[in-house]
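1. What would the 3D arrangement of this be:
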Amino acid sequence: MTITVVLLAVALVVVVALLAAAVAGKLARMDGATYPAALSRAAAAFAAFLTLAAAAASALTAILN
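-> As a prediction, the model looks like this:
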């Protein structure tokens, strides 16, 4: 059961990261950025969200153990 919970949590984090990246890319395009620039901003948002999620998971692991 634990592996199922972990996989669902990872899937949820990836989906939310993809949504954040899509919103960042759309906002960049609405601001007048070119497609490559908007893609770069979306990739940066995706990476930042995954980094933040990993840091939060690490902090929670340290607290709970």
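2. Can you name the residues that contact the residue most central in space within the chain?
-> When the chain is reduced to its mean C-alpha position, the closest residue under CA atoms, centre = their mean turns out to be A17, at 2.6 Å. For A17, the residues meeting the contact criterion (CB atoms under 8 Å, 6 or more residues apart in numbering) are F46, F49, L50, A53. Any C-beta I mention is one placed from the backbone N, CA and C, and that applies to glycine too.
3. Let's see which of those residues end up in helices.
-> Counting by DSSP state H, the part of these found in helices is F46, F49, L50, A53.
4. ok, of these, which one's closest to A21?
-> Nearest to A21 out of the ones in helices among the contacts of A17 is F46 (CB to CB; 3.9 Å).
5. now the closest residue to the closest one other than its chain neighbours: how far from A9?
-> Excluding its sequence neighbours, the residue lying closest to F46 (CB to CB, 6 or more residues apart in numbering) is A21, at 3.9 Å. Here A21 is placed at a distance of 19 Å from A9 (CB to CB, to the nearest Å).
6. Between the two, tell me which one has more neighbours.
-> Residue environment comparison for A21 versus A9 gives the larger neighbour count to A21, 21 against 12, counting by other CB atoms under 10 Å.
7. who are the neighbours in contact with the more buried one?
-> A21 sits next to A42, A43, A45, F46, F49 when contact means CB under 8 Å, 6+ apart.
8. That one is in what secondary structure piece?
-> With the criterion set as DSSP states H and E, the secondary-structure element containing A21 is helix 2-30.
9. ok so, going back, wait, which of the contacts of A17 is closest to T4?
-> Nearest to T4 among the contacts of A17: A53, at 18.6 Å, using CB to CB.
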